[in-house]
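Asker: Here is the input, now give the coordinates:
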Amino acid sequence: MSWSFDREAYERRMAWYREARFGMFIHWGLYAIPARGEWLRSTERMTREDYRRYFEEFNPRSCDPRRWVRAAKEAGMEYVVLTAKHHDGFCLFDSALTDFKSVNTACGRDFVAEFTEAARAEGLRVGLYYSLLDWDHPDYPHQSDRIHPMRGRADFPDGGRDFSRYLRCLHGQVRELCANYGRIDLLWFDFSYDDLRGEAWQASELVSMVRSLQPEIILNNRLEVSGEGLGSLAACAPTPYHGDFVSPEQMIPPEGLRDCEGNPLAWEACVTMNNHWGFCGTDRMFKPAPMLLKKLVECVSKGGNFLLNVGPDAQGRIPEESLERLRALGSWMEKNGRSIRGCGPAGLPKPENGRLTRCGNVFYYHISENTVGPMPLPGFPKEHVKRIRSLATGHEIPVSSSWVHSDYPELLFADLGEDPVLPDQTDYVLEITTDF
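Answerer: Okay, here's the model as predicted:
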């Protein structure tokens, strides 16, 4: 029986994701010990034996996934995504297909089990990241892969390696994640490149298996592409392994993403707080909380989600710099979360001093720069505005009748009061209820 794309089923399973808008990415594994980023095995050309010394050392006594999830919830996030296995091949779950897993370390713990239980207990959607690459597996290409740690070394030829054997392991581990840990809401694959894309991973078979075990799960688009691609759904020719959403990395698209017929695409910008995904002991270049807040609003105003990363340290603790930013985001979301959750593009031009988000006939004007005098609200006809409120406090914002804007009778102006400084100088939100 041939496969066909079911738009109705797609829209149904995507509903929660489009409502959520804000999630946490958690990159954590052995690489938190050397603390030079999750790619160090590749960048430093580290042998399997050299890297395994971190496996022998791994014993994160302070790790409590409940704290990760609680920090996400308090920040106003709706879903969390944990790296069940990164490119290094180390599994945070009890896979029967490898000995390179957390349950075989000194701590003897299945962190995926702890994480999924914690997320559900807090009412958050559960996401798992799984790398299609595996630098630990003996049958994964060493020479023909331009990013393998042993590339360019004559003593690590590809001869004798059986890629089909590796694929059986890949499919088997994904099956374990989908079968052994209850409901999984999101599976985040990473990533396809060069000749390793699509059916090179036996992707149709893989996704068929995933959906048979988790019918409502949503998938990113990286069985087809990496962070810079859009995928077959965007091309209006979805494959059986199409991504349910596009996954731009470390950037926010200049405009909302659309498919080749002009229909909006679901997408998610995944972004680090500093310059690394995994914990880096010397990276103090953290983005300020106001910047992160504005990036969240920008994503929603363009119809996208914002997946913000934390990299717990070798003991499993989220760095204090990250926690400070999460607390600041949570404080704003507690008062203004209605302008994010369930919202999307306003369908009006971007204001020069902020952004707009929308939910039905309610618009949220995110003001990041004050005005002198009453606040102009271009795009909002006077006769169609029913009321204006401060979202944070609920108090009425009157329509201005001041003589100072009498030269602009066609514009609606809001009276923000006598104080020339905004109550929230990062993002002050007006809730504008209309009849359109």
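Asker: so what pLDDT did the most centrally placed residue in the chain get?
Answerer: Closest residue to the average C-alpha location of the chain: Leu307 at 2.5 Å, with CA atoms, centre = their mean. Reported pLDDT at Leu307 in the predicted model: 99.
Asker: Let me know the helix or strand that it is in.
Answerer: The secondary structure element spanning Leu307 is strand 305-310 (assigned by DSSP states H and E).
Asker: neighbouring strands for that strand, and are they parallel or not?
Answerer: Sheet pairing of strand 305-310 (DSSP bridges) gives strand 22-26 (parallel), strand 268-271 (parallel).
Asker: May I see those strands organised as TSV, with distance to Ala96, mean pLDDT and mean neighbour count added?
Answerer: (C-beta placed from N, C-alpha, C; glycine too.) Formatted as TSV, those follow (distance: least, CB to CB, whole Å; pLDDT from 0 to 100; neighbours: other CB atoms under 10 Å):
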stretch	distance to Ala96	mean pLDDT	mean neighbour count
strand 22-26	24	99	24
strand 268-271	30	98	23
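Asker: what about the ones you listed, which gets the closest to Tyr193?
Answerer: When the strands paired with strand 305-310 are compared for distance to Tyr193 using CB to CB, the nearest one is strand 268-271, at 16.7 Å.
Asker: Extract the C-alpha trace of the closest one and format it as PDB.
Answerer: The C-alpha atoms that make up strand 268-271 are tabulated as PDB, following Å, rounded to 0.1, in the frame of the first residue of the first chain:
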ATOM      1  CA  GLU A 268      11.300  26.200  15.700                       C
ATOM      2  CA  ALA A 269      14.500  28.200  16.200                       C
ATOM      3  CA  CYS A 270      16.900  26.300  18.500                       C
ATOM      4  CA  VAL A 271      19.300  28.700  20.200                       C
END
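Asker: the inter-axis angle of the helix or strand following that strand versus strand 22-26?
Answerer: Note on strand 268-271: by DSSP H and E, the next helix or strand toward the C-terminus is helix 289-301. Orientation check (axes from the mean of the first three to the mean of the last three CA atoms, to 10 degrees): helix 289-301 against strand 22-26 gives 120 degrees.
Asker: Show me how the record splits this structure into domains.
Answerer: By the record's domain assignment, the chain is partitioned as 7-339, 354-434 (automatic domain parsing).
Asker: now these as TSV including distance to Leu348?
Answerer: Putting the domains of the chain into TSV (distance: least, CB to CB, whole Å) gives the following:
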stretch	distance to Leu348
domain 7-339	10
domain 354-434	4
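Asker: Low-confidence ranges, the stretch 51-200 of the chain, go.
Answerer: Applying pLDDT under 70 to the predicted model, the stretch 51-200 of the chain contains no residue that meets it.
Asker: which residues in it form helices?
Answerer: Listed in chain order, the helices of the stretch 51-200 of the chain (DSSP state H, counting those that start in this stretch) span residues 65-74, 111-121, 163-180.
Asker: who wins for proximity to Ala289 among those helices?
Answerer: helix 65-74 (13.7 Å).
Asker: so which of the domains of the chain gets nearest Ala346?
Answerer: Scanning the domains of the chain with CB to CB as the criterion, the closest one proves to be domain 354-434, at 3.6 Å.
Asker: Ignoring the adjacent residues along the chain, who's closest to the residue nearest to the centre of the chain?
Answerer: Closest residue in space to Leu307, ignoring its immediate chain neighbours: Cys270 at 4.3 Å, by CB to CB, 6 or more residues apart in numbering.
Asker: Phe191 against Tyr130, yeah?
Answerer: No: taking contact to mean CB atoms under 8 Å, the distance of 10.7 Å between Phe191 and Tyr130 leaves them out of contact.
Asker: When the two are compared, which one has more neighbours?
Answerer: Comparing Phe191 with Tyr130 by neighbour count (other CB atoms under 10 Å), the higher total belongs to Phe191, at 23 against 20.
Asker: Tell me who's in contact with the more buried one.
Answerer: Listed by CB atoms under 8 Å, 6 or more residues apart in numbering, the contact set of Phe191 reads Ser131, Leu132, Leu133, Arg222, Val225, Ser226, Gly227.
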